[in-house]
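S.K.: Predicted model follows, preceded by the sequence.
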Amino acid sequence: MWDNIVPDNFIEEEILKDLKSGRAKEVITRCPPEPSGYWHIGHCKAWIIDFETAKKFGGYTNLRMDDTNPTKEDGDFANSYVNDLEWLGYTPKNVIYASEAYFEDIYKIAEDMIRDGKAYVCELSAEEVSQTRGTLSEPGIESPYRNRSVEENLKLFHDMRDGKFEDGKATLRAKIDMAHPNMNIRDPVMYRVMRATHYKTGDKWCIYPMYDFAHPMEDALEGVTYSLCDISFEDHRPLYDWFIANGWKGEYPPRQIEFSKLNLENVLLGKRYLKKLVNEGKVMGWDDPRYLTIVGMRRRGYTAEAIKEFIKSLGLSKCDSTIPFNALEYYIRADLNMKATRAMAVLDPLKVVITNYSGSEEIEIANNPNVENAGSHTSRFSNTIYIDADDFSLNPPPKYNRLVRGGMVRLKGAYIIRCNDVVYKDDGSIDHLVCEYLPNTKSGNDTSGIKVKGTIHFVSQDNCTEVTIRNFKNLIKDEYLDPSKALADGVDVDELLTPDSLTETTALVENYLLSAKPEDKFQFMRKGYYTLDKDSTADHLIFNNTISLKDGYKPQ
RNA sequence: UGGAGUGUAGCCAAGCGGUAAGGCCCGGGAUUCUGACUCCCGUAUGCGUAGGUUCGAAUCCUACCACUUCAGCCA
């Protein structure tokens, strides 16, 4: 049945072995966020693995809120995940709230474990537990409460649930091994007393299971067969397996497999840091286009497909890795190249007067020359136009293919022009260029036989509108390739920030863009990709610079 | 310094005893009414190091080295 599946990575290899040996019979995965923050590109990697792996083996994936700590969680986050997944193009089979779906069952499993002598109620304080845990090289000390009778433990555990202990006064602990070299195994806490209103279950519970106990039980209860997570949980796997072995009686036990997480150069994804900048008003919000949150990337103009292709291109391993940002940018450009509508925009206008032309006429601009049937839209040419200032040079560097005094260029979609004169302002700067056009050179209808080296974009005075452009630089200064390490080394967060990571400029765009809707994607030809920001109003458009085009021009 | 994990090109990453895939970056060229895209070509006598086994080793064995990670009643 599985014979024609070819594994693409070590996780799929492991799964295939299990399937063939009968250890597992299907592939059901889960994406298990704690609803306590917005998703970012790092989470994307995990969700892509969860969904793609299950899909490959004909299984499915659930979205499960791992909401076992009411002091940190919020239902708004949970809702955002459903939207983010949808945007990414994934539909979970079920949306589950662990608190609602499993708390009662997990509690019963805990009772069974007490009956089996596998768990005990401990009344050591948090500090005492910490002090008796031992160190990396020394064993811990067993709790004085470790050998209570089953009856006493059961009664005390019920007391915990019934609110007879104050917060922090008692825990349920797994009875494993206080001398184990893996610290996680030294009688880990399974339940703590915590009076907090849960966004989903309200005040129904005053005890909450810990991740290490809850997670494997949730997986098992849910029928999840593969619990894929990042490498930071590797040390927890023995515990995961212990809880499955000692707490769950089912036939096909879930299996945890870890992979390395995604790090990007110059990018900080820590929740604390993102939150701090939002609170201090240093960014526009969680969806700031400089953030690599899902909502931020979306607002910036990144596409879900580009993000997915990027992550898939990275492969899967357990090695620590940090990916250069330009690896992501490649996929953003590649996807936008096929999706963005071409348009003309002049970012730094220089006026050009065409002396031998009068009036105005329509021209056609292909919406996307790389896509068949993308169609075209109408723009205009007239005797007064604007070109970008850097497309004209008084002292052209070598191999400069744009407009120079006495030289010719083609205006995209219109005519070839020649620059005959330069008119200066009183301060010595250029006021405008005086040009002539070559009448028989119109695009698509050129009978002149004249070849020019350069084609530049422009807008016509009678067909353009001023808009705001938001330009972004990396939030983190270039020299901090690993900002989390810098932070750990004591560098202040503010020191990491690029001072002018957001700048606003204006541009003249062809009027075709007036009908754009938020999130519409455009390529401003020869410049970059832009998307309309949600802050735009009918008479004031704001475009976010998603990413520039590559510039292969190297003078010399 | 106890446990766990990882070392293949500048960055990722295939490879699973038969003589180092691919992608990004970079360099060169072609093409181009976007200096984009596209298309060619080039980039590890070498796989953390040192030994060993073998006709043959990135793959097996031994030792060592480096890096990451774990001492929440967080997830």
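M.R.: Alright, I've got the coordinates.
S.K.: show me the contacts for the most far-flung residue of chain A relative to its centre.
M.R.: What lies farthest from the middle of chain A is A:N356; by Cα atoms, centre = their mean that is 52.5 Å. Contact analysis of A:N356 by Cβ atoms under 8 Å, 6 or more residues apart in numbering lists A:E436, A:Y437. C-betas here are computed from N, CA, C, even on glycine.
S.K.: same check, this time on the one 4 residues further on
M.R.: Taking Cβ under 8 Å, 6+ apart, we find A:S360 in contact with A:R380, A:F381, A:S382, A:N383, A:S460, A:D462, A:N463.
S.K.: one more time with 10 Å
M.R.: Counting by Cβ atoms under 10 Å, 6 or more residues apart in numbering, A:S360 touches A:R380, A:F381, A:S382, A:N383, A:T384, A:S460, A:Q461, A:D462, A:N463.
S.K.: Can you lay out the residues you listed as CSV showing secondary structure?
M.R.: Shown next, in CSV, are the contacts of A:S360 (DSSP: H, G, I helix; E, B strand; the rest coil):
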residue, secondary structure
A:R380, strand
A:F381, strand
A:S382, strand
A:N383, coil
A:T384, strand
A:S460, strand
A:Q461, helix
A:D462, helix
A:N463, helix
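S.K.: Can you list the residue ranges for helices in the stretch 151-300 of chain A?
M.R.: Ranges of helices within the stretch 151-300 of chain A are A:211-222, A:237-247, A:271-279, A:294-300, based on DSSP state H, counting those that start in this stretch.
S.K.: Following element in sequence after the host helix or strand of A:I109, please.
M.R.: For A:I109, the enclosing helix or strand under DSSP states H and E is helix A:98-115. Using DSSP H and E, the next helix or strand after helix A:98-115 towards the C-terminus is strand A:119-122.
S.K.: elements contacting that next one?
M.R.: Contacts defined by 3 or more Cβ pairs under 10 Å, 6 or more residues apart in numbering; DSSP states H and E place strand A:119-122 against helix A:98-115, helix A:150-161, strand A:171-174, strand A:189-193.
S.K.: quick revisit: name the SS class of the residue farthest from the centre of chain A, please.
M.R.: Going by three-state DSSP: A:N356 is coil.
S.K.: ok, it to RNA strand B distance?
M.R.: As judged by Cβ to the nearest atom of the strand, to the nearest Å, A:N356 and RNA strand B stand 18 Å apart.
S.K.: Then A:V121?
M.R.: 11 Å.
S.K.: Would you confirm that A:A179 contacts A:T132?
M.R.: No - between A:A179 and A:T132 there is no contact under Cβ atoms under 10 Å: 11.7 Å.
S.K.: Please enumerate the shared neighbours of these two.
M.R.: Common neighbours of A:A179 and A:T132, using Cβ under 10 Å, 6+ apart, are A:G140, A:I141, A:E142, A:R186.
S.K.: so A:D500 makes contact with A:N471?
M.R.: Yes - contact criterion Cβ under 10 Å: A:D500 and A:N471 qualify, at 9.1 Å.
S.K.: which one of the two has more residues nearby?
M.R.: A:N471 (16 against 9; other Cβ atoms under 10 Å).
S.K.: That one: which element?
M.R.: Here A:N471, judged by DSSP H and E, is contained in strand A:464-472.
S.K.: Give the other helices and strands that that strand contacts.
M.R.: Other helices and strands packing on strand A:464-472, by 3+ Cβ pairs under 10 Å, 6+ apart, are strand A:345-346, strand A:502-510, strand A:528-532, strand A:542-548.
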